[in-house]
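Enquirer: Here's my sequence, what's the structure:
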Amino acid sequence: MKNLKGACMFGQSGGPTSVINSSAAGVFTEALKQGNITAVYGLEHGIVGLLNEKFFDMSKEDPKELELLKYTPSSALGSVRYKLKDASVDDTDYKRILEVFKKYDVRYFFYNGGNDSMDTCNKISKYLQSVGYECNVIGVPKTIDNDLFGTDHCPGYASAAKYIATTVMEVNLDAKVYDTPMVCIIEAMGRHAGWLTASAALAAVNGLGADLIYLPETDFDVDKFVDDVKAVCKRNGNKCIAVVSEGIHDKNGTLICESVGAAAARDSFGHAQLGGVAAILANVIKEKTGFKTRGIELSLMQRCGAHLASENDVEEAFRAGAFAVKSACEGETDKMVIFKRDTDQNGNYVCTNVLMPLELAANTEKKVPAEWIINDGTYVSDEFVKYALPLIQGDAKAPLENGLPRFARLKKVYANK
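Expert: Okay, here's the model as predicted:
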């Protein structure tokens, strides 16, 4: 509904990124300007903060700190992985959400996250509609995995991709220092979609790319991998840089980290908590070849490396947050902000925001196109490079204090109950 008057709530969910706070800054900056929005709340630990009635009054924050939030990595309000049951099965949480919304006259709800977060957003929106409570609900995309359906790309991906490509270049140079054999296996995040791992190909643009790239979109065979590495070493002076997704699996769908290593633990959504496949494969290569190996797990660094953030990523994330608020105030609801790629009159990359129904985004994954995976599943095509290279452009950094980044320091004043 247009011209709704009331408070707004914003929450962060899922894994943090280098730019999720940029979207938060966009939401808060725009919401504090809107005449129809009477109060601006930031949920502590996402949906759990809503259920526990713990959230911050963002009007109490110093505007300068909100500006710094744009360049601050991680999830400043605290994140969560909490799965809402279907309201038809158990509506306890939904009744509690409605109770809190009514108490604080919340008429605008914004939730920032990936696939599971959009599912949460969609469920809340549908429930509020079913009980006749007027509240405009908009999902703000976020995921370094870049696997949200319907959008050209996701905030957070470009900065993580830039970090990975830069790391590949640096490891490539380091591996060439000695005249002895060296095989480096770098592990990037990516459960079912290989967008992050594919970004290693961007390093080749500057002549320091990986030799082999393996995505979870294709089956992984350990014996073939050993042969691939041997072939690269034979033609490359016994040097090889391979990049693998944490979610690579064999032809039966069994994760390599489980088929060769130990069984993975699982999170509250039932997803396997991955990691360690680089070390596992490094040991395999060492046993089969005798070469010196390094298993390098990028782990948290790829998602919080704000010192290598893409300026395009930071600005687009901020605009997505602001666009969500503007759209909601214009009457839009039950939608997710998506990115649409275009070119200007000079052929340069530009990105605009539009809206898509939440139900289309919830729990649907976008994978790397099969035609972009080449060389018998060991690399990605130039089409991928053309897709990803514009996203990583520009350098966005926090100002320095004592020679180190000056990140936002929020007061986090709880709203009055």
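Enquirer: hey, C-alpha coordinates of the lowest-mean-pLDDT helix or strand in the chain in CSV?
Expert: Within the chain, no helix or strand scores below helix 256-259, which has a mean of 86 by mean pLDDT, DSSP states H and E. Provided in CSV are the C-alpha atoms of helix 256-259 (Å, rounded to 0.1, in the frame of the first residue of the first chain):
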residue,chain,number,x,y,z
ILE,A,256,34.8,-34.8,-1.9
CYS,A,257,35.4,-33.4,1.6
GLU,A,258,33.3,-36.3,2.8
SER,A,259,34.2,-39.1,0.4
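Enquirer: How far does whichever helix or strand comes after that helix sit from its chain's centre?
Expert: Sequence-wise, the next helix or strand downstream of helix 256-259 (DSSP states H and E) is helix 277-289. Centre-to-centre, helix 277-289 and its host chain are 29 Å apart (CA atoms, centre = their mean, to the nearest Å).
Enquirer: Please work out how many residues are found near residue 290.
Expert: Look at residue 290: counted by other CB atoms under 10 Å, it has 9 neighbours. (C-beta placed from N, C-alpha, C; glycine too.)
Enquirer: Now do the buried residues in the least confident helix or strand of the chain.
Expert: For helix 256-259, a neighbour-count test (16 or more other CB atoms under 10 Å) marks 256-258 as buried.
Enquirer: now swap in stretch 213-221 and tell me
Expert: 213-218, 220.
Enquirer: and if you look at stretch 357-371?
Expert: Result for stretch 357-371 [16+ other CB under 10 Å]: buried residues 358-359, 361-362, 366-368.
Enquirer: elements contacting the helix or strand hosting residue 42?
Expert: Using DSSP H and E, residue 42 maps to strand 37-43. Here strand 37-43 touches strand 6-12, helix 20-31, strand 55-57, going by 3 or more CB pairs under 8 Å, 6 or more residues apart in numbering; DSSP states H and E.
Enquirer: I'd like those as a markdown table, with mean pLDDT and distance to residue 120 appended.
Expert: Putting these into a markdown table (pLDDT from 0 to 100; distance: least, CB to CB, whole Å) gives the following:
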| stretch | mean pLDDT | distance to residue 120 |
| --- | --- | --- |
| strand 6-12 | 99 | 9 |
| helix 20-31 | 99 | 15 |
| strand 55-57 | 99 | 16 |
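Enquirer: Mean neighbour count for those - can I get that in TSV?
Expert: Conversion of the helices and strands packed on strand 37-43 to TSV gives the following (neighbours: other CB atoms under 10 Å):
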stretch	mean neighbour count
strand 6-12	26
helix 20-31	28
strand 55-57	21
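Enquirer: and residue 116, which of the ones you listed is closest to it?
Expert: Among the helices and strands packed on strand 37-43, the nearest to residue 116 by CB to CB is strand 6-12 (12.7 Å).
Enquirer: Give me the sheet partners of the closest one and which way each runs.
Expert: Using DSSP bridges, the strands paired with strand 6-12 in its sheet are strand 37-43 (parallel), strand 106-113 (parallel).
Enquirer: could these go into CSV alongside mean neighbour count?
Expert: CSV is the format used below for the strands paired with strand 6-12 (neighbours: other CB under 10 Å):
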stretch, mean neighbour count
strand 37-43, 22
strand 106-113, 27
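Enquirer: These into CSV, with extra columns for distance to residue 241 and mean pLDDT?
Expert: Listed next are the strands paired with strand 6-12 as CSV, based on distance: least, CB to CB, whole Å; pLDDT from 0 to 100:
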stretch, distance to residue 241, mean pLDDT
strand 37-43, 42, 99
strand 106-113, 33, 98
